[in-house]
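Q: have a look at this fold, sequence not included:
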């Protein structure tokens, strides 16, 4: 088996939480399989969540802060803050990224959102200086796996669940962050009903998580469409007739499986 | 015209940004129409973005922090931090909530996500102590409007746009935050291609925004389904046959319009 490098970014304030336990399990499981693992435990690192002018060491106090342009200048000049540069270095180093978080308000915690906002700068993860999104991408060649704990029951996130399908709720992360930057995300791993999980259910969850981690480099990623290759027109609209019959909404942006296409 | 109370929550680090200009425009426009407006400018307030044990003044240092349970205990005891209590008081006071933010990584900035995570506590905005979600809700009777600036062009967020329909990308906010807590969200107001907007386009944008603000209490909200009333079963799954023919994904959770149903 090939030795790989995995970055695990974890976001929960409590070191004895289910999220912390899943992070520790994943790190141990992957290391036991011979991989190298680095963990960014955002709360333990006292990660700064909000983008502001302090992120741009060369920012002139009275000048208007245009985040996109300032991020690009600072990134290309190598003039970002040490905390951001360290995370970018870990991403460059990695062959795969795992995100571990509790679903808060149907999204990542502010802490992890701030890792996206501050680390994935214009010039590093997107923008004219790097390969285009949804294809090669700035972080192309990397696998990605979301591992999420959810208070609700699975039915509420199922195909007809009131909260929306989990894949749709996580679309901004799966497609908008991971796939956009060129990573190949797998289907998310979720632990539902995650408040006060009894030992038996925790044991079952880590068994399943272990199988997912074993497939990190071999399972099929979500077959999101490439921006290159003709599916989309120049205005980034899906060309007519490309989709499976009856597909609509976010399903348009997933390539039909051979079964669906038939 | 009836005098209403509107809370405007704005999240951009630059006081001369397009977002700040839209916030100032909205506050002025609504006040000119006779309404009361309060503005929470999160960056100006140096809002703390990340939930942690400091949010729970009664938290005992060595005790395990269970965020849901701790939020509920602290909320019901009136023992939250002054910054959180102040935002909850503004929400209680309000007849409508407007969220103003730039779309960063297909979602709200970490700063605004931290306002959701910290203000909308168990016991205040959700949980067993308040009316159930997606219906009456903890914040029932309030209107809500998302006003978002987006760097990309509109086509990329259109029905077949590569980024996904804007309504789907914003589903975690529109349905997961606003509708979940009982507010009635309107369709979002978006300014696309929002980098370096020339004066003419800004003038057109605020004309359109003014019309949307004029309709804040009279336009039809997004017709999301109620959890009560029989559309969903006890496991929160949409009952078979309730939807319009061919509907799938997130569209399942919007009531078919008379046109669609025909």
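A: Structure received. Remember, it's a predicted structure, so these values are computed and weren't measured experimentally.

Q: who in the stretch 1-150 of chain A is up against chain B?
A: For the stretch 1-150 of chain A, the residues in contact with chain B (C-beta under 8 Å from any C-beta of the partner chain) are A:13-14, A:16-17, A:43, A:47, A:49-53, A:64-68, A:102, A:104-111, A:113-114, A:116-118, A:120, A:134. Every residue, glycine included, has its C-beta placed from N, CA and C.

Q: and the buried ones among the residues you listed, selectable in PyMOL?
A: Per 16 or more other C-beta atoms under 10 Å in any protein chain shown, the buried members of those correspond to this PyMOL selection:
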select buried, chain A and resi 13+14+17+43+47+49+50+51+52+53+65+66+67+68+102+104+105+106+107+108+109+110+111+113+114+116+117+118+120+134
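
Q: tell me which of the residues of the stretch 1-150 of chain A next to chain B fall in strands.
A: Among the residues of the stretch 1-150 of chain A next to chain B, the residues falling in strands (DSSP state E) are residue A:102.

Q: any idea of the pLDDT on the residue lying closest to residue A:108 once chain neighbours are set aside?
A: In space, and not counting its chain neighbours, residue A:108 is closest to residue A:101: 5.2 Å by C-beta to C-beta, 6 or more residues apart in numbering or on different chains. Residue A:101 carries a pLDDT value of 98.

Q: repeat for residue A:135
A: pLDDT at residue A:135 comes out at 82.

Q: that one touches residue A:224, doesn't it?
A: No. Look at residue A:135 against residue A:224 with C-beta atoms under 8 Å: they stay out of range, at 10.3 Å.

Q: so between the two, which is more surrounded?
A: residue A:224 (19 against 15; other C-beta atoms under 10 Å in any protein chain shown).

Q: quick check: the more buried one vs chain B, distance?
A: 10 Å (C-beta to the nearest C-beta, to the nearest Å).

Q: for residue A:213, same thing?
A: Relative to chain B, residue A:213 is positioned 25 Å away (C-beta to the nearest C-beta).

Q: residues contacting that residue?
A: Residue A:213 is in contact with A:26, A:29-30, A:33, A:145, counting by C-beta atoms under 8 Å, 6 or more residues apart in numbering or on different chains.

Q: and it, backbone torsions?
A: phi -70, psi -40 (degrees, to the nearest 10).

Q: look up the closest residue to it, ignoring the ones flanking it.
A: Closest to residue A:213 by C-beta to C-beta, 6+ apart is residue A:29, at 5.3 Å.

Q: cool, and residue A:102?
A: Per C-beta to C-beta, 6+ apart, closest to residue A:102 is residue A:149, 4.8 Å.

Q: do you know the pLDDT at the one you found?
A: For residue A:149, the predicted pLDDT is 98.

Q: ok, which stretches of chain A are helices?
A: A:18-32, A:67-76, A:82-93, A:110-119, A:166-169, A:171-173, A:199-214, A:258-261 (DSSP state H).

Q: turn the ones you listed into a markdown table, including distance to residue A:231.
A: Shown next, in a markdown table, are the helices of chain A (distance: least, C-beta to C-beta, whole Å):
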| stretch | distance to residue A:231 |
| --- | --- |
| helix A:18-32 | 34 |
| helix A:67-76 | 27 |
| helix A:82-93 | 27 |
| helix A:110-119 | 26 |
| helix A:166-169 | 19 |
| helix A:171-173 | 17 |
| helix A:199-214 | 28 |
| helix A:258-261 | 14 |
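
Q: how about a markdown table for the ones you listed, with mean pLDDT added?
A: Formatted as a markdown table, these follow (pLDDT from 0 to 100):
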| stretch | mean pLDDT |
| --- | --- |
| helix A:18-32 | 98 |
| helix A:67-76 | 97 |
| helix A:82-93 | 98 |
| helix A:110-119 | 98 |
| helix A:166-169 | 98 |
| helix A:171-173 | 98 |
| helix A:199-214 | 98 |
| helix A:258-261 | 54 |
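
Q: closest one to residue B:194 among those helices?
A: helix A:67-76 (9.9 Å; C-beta to C-beta).

Q: list the buried ones in that closest one?
A: Within helix A:67-76, the residues scored as buried using 16+ other C-beta under 10 Å are A:67-68, A:70-75.

Q: what's the closest of these to chain B?
A: Using C-beta to the nearest C-beta, residue A:68 is the member of these that lies nearest chain B, at 6.2 Å.

Q: can you list the domains in chain A?
A: Chain A resolves into domains spanning A:5-223, A:225-262 when parsed by automatic domain parsing.

Q: run a quick neighbour tally on residue A:202.
A: If you count neighbours by other C-beta under 10 Å, residue A:202 ends up with 16.

Q: and it, how far from chain B?
A: Separation of residue A:202 from chain B (C-beta to the nearest C-beta): 15 Å.

Q: which residues does that residue contact?
A: Contact analysis of residue A:202 by C-beta under 8 Å, 6+ apart lists A:18, A:21.

Q: got it, and residue A:73?
A: Counting by C-beta under 8 Å, 6+ apart, residue A:73 makes contact with A:56, A:58, A:79, A:123.

Q: report the two of those separated the most.
A: Most distant of those, by C-beta to C-beta, are A:58 and A:123, 13.7 Å apart.

Q: which residue does the stretch 151-262 of chain A bring closest to chain B?
A: Residue nearest to chain B within the stretch 151-262 of chain A: residue A:176 (3.2 Å; C-beta to the nearest C-beta).

Q: hmm, residue B:104 and that residue touching each other?
A: No. If you go by C-beta under 8 Å, residue A:176 and residue B:104 don't touch, sitting 10.0 Å apart.

Q: can you tell me how far residue A:192 sits from residue A:151?
A: Applying C-beta to C-beta, to the nearest Å, the value for residue A:192 to residue A:151 is 8 Å.

Q: neighbour count: these two, which is higher?
A: More crowded of residue A:192 and residue A:151, by other C-beta under 10 Å: residue A:192, with 19 against 15.

Q: not counting sequence-adjacent ones, nearest residue to that one?
A: In this structure, residue A:192 finds its nearest non-sequential neighbour in residue A:154, 4.4 Å apart by C-beta to C-beta, 6+ apart.

Q: and for that neighbour, the neighbour number?
A: By other C-beta under 10 Å, 14 other residues sit near residue A:154.
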